[in-house]
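Chemist: Predicted model and sequence follow; I will ask about them next.
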Number of protein chains: 2
Amino acid sequence: MKNIKLIIQYDGTRYRGWQRLSTTDKTIQGKIETVLSKITGEPVALIGAGRTDAGVHAYRQTANFKTRSSKPVAEILADCYRYLPDDILILEAYEVGMHFHARYNAREKKYLYRIYNNPFHHVFKRKYIYHVPEPIDFIKIKNAATFFVGKHDFGSFTSQKLKKKTTVREIYNIDLQHKDNILEIYFTGNGFLYNMIRIIVGTLIDVGHGKMDIAVIPKLLKNSERCLAGPTVPPHGLFLVEVSY
Amino acid sequence: MKNIKLIIQYDGTRYRGWQRLSTTDKTIQGKIETVLSKITGEPVALIGAGRTDAGVHAYRQTANFKTRSSKPVAEILADCYRYLPDDILILEAYEVGMHFHARYNAREKKYLYRIYNNPFHHVFKRKYIYHVPEPIDFIKIKNAATFFVGKHDFGSFTSQKLKKKTTVREIYNIDLQHKDNILEIYFTGNGFLYNMIRIIVGTLIDVGHGKMDIAVIPKLLKNSERCLAGPTVPPHGLFLVEVSY
């Protein structure tokens, strides 16, 4: 028995997200499991670090699976490249200790949300960036972003609240980069709630458009009120950048 | 009567090229003509500077059309943005002199061919770059490219020879940029034959792979022998960058 860690890149456009929901659903996990089962000759259960939503992309998603196959890891990697569609790419594969678990052992996750602030949309990047035509005040966004850093109850910033489960999370860092009408917002944290980044970004854009006062943010972080936070921005601007262990 | 010049950007992936061949064919010219006819309320004939092939992209294609419509140009531009699909974008529109002809008056055209030289393909740019997995010797390509600059008979570098028509063209400049496994080759010239850039790039790649000796190139430029030149590389790496007047 071997435990194999994979680093996976994908374009989420055509998929219903990472997580396999049924055997017929088109998911990234499902697609890779099918290929790995074919390669190893046995059923494979793949554990992903982050369950990205439908339409969300990944630069370096991390996953692991256990197998009895004696096939060398380099060969598994080459077979994956041969059989996977061109919007899913296994970048790296290595054998790791049997106790390694891609989700439970994840220490830090980094996400990126990309915004194109321009009157016209971006023809060539349109599937990988969120187009916002109305001018945004980037200074306001930068200031507003600082409120989210730290340990907070993000109950206002999730669209799926599970009773009894905590909505407290810690954002270690938010880094903004602005160049050529493209705004990139990097989020680093120990974990994120369902839709949390997309609602935070929707809230930041509302602030940048002057629709929301920056003073509302600390209130939202105190009292869970989803309806007062910004909208959920679309998935195609979001990337899982990397997972640290 | 007005003559209107358009600067057009498009992702050629879904189209059978620029030129309308029949009324049912999905072409960029056809798509824009349909929208312009709807906007102006009269049949529109659009003249493009370069007839890009199926799958070829454009950053700044140039075209013109004549219309009796009194609609202001800014309004035509806004209407185009509303009605065109998101892979075709009119960047600019202005009224020009009645004698301006986008094809006949074009003085210089600039094209770009992009190559991704990496064992794996590029997940996010895969539709806009040609993937070459085997290592290429970039110095050899740079040296080989210099032979093509100038006025030559490019009869070896076209897949459609029309009898009695000259195959002499002048390439003013070839500029190579190489960064992060991406090779960008810019071609500037007064005009290019059918498939000429794609066959030149195929030939350069053959040289870069050591499959063809660099000394063959001057011979190919002397005697038209299509079968001795390199293959025609795929269209999705090619961009019409701009047209000068």
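Modeler: Thanks, I have it.
Chemist: Need the outlier residue of chain A, farthest from its centre.
Modeler: A:Ser70 (32.5 Å; C-alpha atoms, centre = their mean).
Chemist: Now do the buried residues in the lowest-mean-pLDDT helix or strand in chain A.
Modeler: Lowest on mean pLDDT, DSSP states H and E among the helices and strands of chain A sits helix A:216-222, with a mean of 91. Burial within helix A:216-222, assessed by neighbour count using 16 or more other C-beta atoms under 10 Å in any protein chain shown, is assigned to A:Val216, A:Ile217, A:Leu220, A:Leu221. Glycine gets a C-beta too; all of them are placed from N, C-alpha and C.
Chemist: check contacts around the second one.
Modeler: Contact partners of A:Ile217, counting by C-beta atoms under 8 Å, 6 or more residues apart in numbering or on different chains, are A:Ala144, A:Phe147, A:Phe148, A:Thr203, A:Val207.
Chemist: let's see it at 6 Å
Modeler: Going by C-beta atoms under 6 Å, 6 or more residues apart in numbering or on different chains, A:Ile217 touches A:Ala144, A:Phe147.
Chemist: Isn't A:Ala49 up against A:Ala102?
Modeler: Yes - assessed by C-beta atoms under 6 Å, A:Ala49 is found in contact with A:Ala102 at 4.6 Å.
Chemist: how about the strands in chain A?
Modeler: A:2-10, A:47-48, A:57-67, A:88-96, A:108-116, A:130-131, A:150-153, A:168-179, A:182-189, A:238-244 (DSSP state E).
Chemist: For chain A, what lies in contact range of chain B?
Modeler: A:Gln9, A:Asp11, A:Asp86, A:Leu89, A:Phe120, A:Val123, A:Phe124, A:Arg126, A:Tyr128 (C-beta under 6 Å from any C-beta of the partner chain).
Chemist: Which members of those residues define the maximum pairwise distance?
Modeler: Farthest-apart pair in these is A:Leu89 and A:Phe120; separation 30.2 Å (C-beta to C-beta).
Chemist: Of these two, which one has the most company?
Modeler: A:Leu89 (21 against 16; other C-beta atoms under 10 Å in any protein chain shown).
Chemist: Pull the contacting residues for that one.
Modeler: A:Gln9, B:Phe120, B:Val123.
Chemist: JSON lines for those residues, including pLDDT and distance to B:Lys31?
Modeler: Converted to JSON lines, these look like this (pLDDT from 0 to 100; distance: C-beta to C-beta, whole Å):
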{"residue": "A:Gln9", "pLDDT": "98", "distance to B:Lys31": "32"}
{"residue": "B:Phe120", "pLDDT": "94", "distance to B:Lys31": "34"}
{"residue": "B:Val123", "pLDDT": "97", "distance to B:Lys31": "28"}
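Chemist: any idea which of those residues is closest to A:Arg82?
Modeler: B:Phe120 (11.8 Å).
Chemist: what about that closest one, distance to A:Leu112?
Modeler: Separation of B:Phe120 from A:Leu112 (C-beta to C-beta, to the nearest Å) stands at 21 Å.
Chemist: Model confidence at A:Ser224, what's the number?
Modeler: On pLDDT, A:Ser224 comes in at 79.
Chemist: Could you give the number of residues near the nearest residue in space to it that is not next to it in sequence?
Modeler: Leaving aside its chain neighbours, A:Ser224 sits nearest to A:Gly155 (2.9 Å; criterion: C-beta to C-beta, 6 or more residues apart in numbering or on different chains). Applying other C-beta under 10 Å, we find 19 residues neighbouring A:Gly155.
Chemist: per-residue pLDDT, A:Gly155?
Modeler: 90.
Chemist: Same check on the one 3 residues further on?
Modeler: Per-residue pLDDT puts A:Thr158 at 90.
Chemist: so what's it up against?
Modeler: A:Leu193, A:Tyr194, A:Asn195, A:Met196.
Chemist: Show me these that map onto helices.
Modeler: Applying DSSP state H to those, the entries found in helices are A:Met196.
Chemist: Let's have the buried residues of helix A:216-222 in TSV, adding distance to B:Gly237.
Modeler: As requested, the buried residues of helix A:216-222 are exported to TSV (distance: C-beta to C-beta, whole Å):
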residue	distance to B:Gly237
A:Val216	48
A:Ile217	45
A:Leu220	47
A:Leu221	48
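Chemist: Name the member of the residues you listed with the shortest distance to chain B.
Modeler: A:Ile217 (32.0 Å; C-beta to the nearest C-beta).
Chemist: what about A:Glu92, how many residues close to it?
Modeler: Using other C-beta under 10 Å, A:Glu92 has 13 neighbouring residues.
Chemist: ok, the nearest residue to it once chain neighbours are set aside - contacts?
Modeler: In space, and not counting its chain neighbours, A:Glu92 is closest to A:Ile7: 4.1 Å by C-beta to C-beta, 6+ apart. A:Ile7 sits next to A:Arg60, A:Thr62, A:Leu91, A:Glu92 when contact means C-beta under 6 Å, 6+ apart.
Chemist: Could you identify which of those residues has the most neighbours?
Modeler: With neighbours taken as other C-beta under 10 Å, the top of the contacts of A:Ile7 is A:Thr62, carrying 25 neighbours.
Chemist: From A:Ile4, how far out is it?
Modeler: In terms of C-beta to C-beta, A:Thr62 sits 11 Å off from A:Ile4.
Chemist: Can I get the strands of chain A in a markdown table including distance to B:Thr166?
Modeler: Formatted as a markdown table, the strands of chain A follow (distance: least, C-beta to C-beta, whole Å):
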| stretch | distance to B:Thr166 |
| --- | --- |
| strand A:2-10 | 48 |
| strand A:47-48 | 60 |
| strand A:57-67 | 48 |
| strand A:88-96 | 46 |
| strand A:108-116 | 44 |
| strand A:130-131 | 45 |
| strand A:150-153 | 71 |
| strand A:168-179 | 46 |
| strand A:182-189 | 45 |
| strand A:238-244 | 50 |
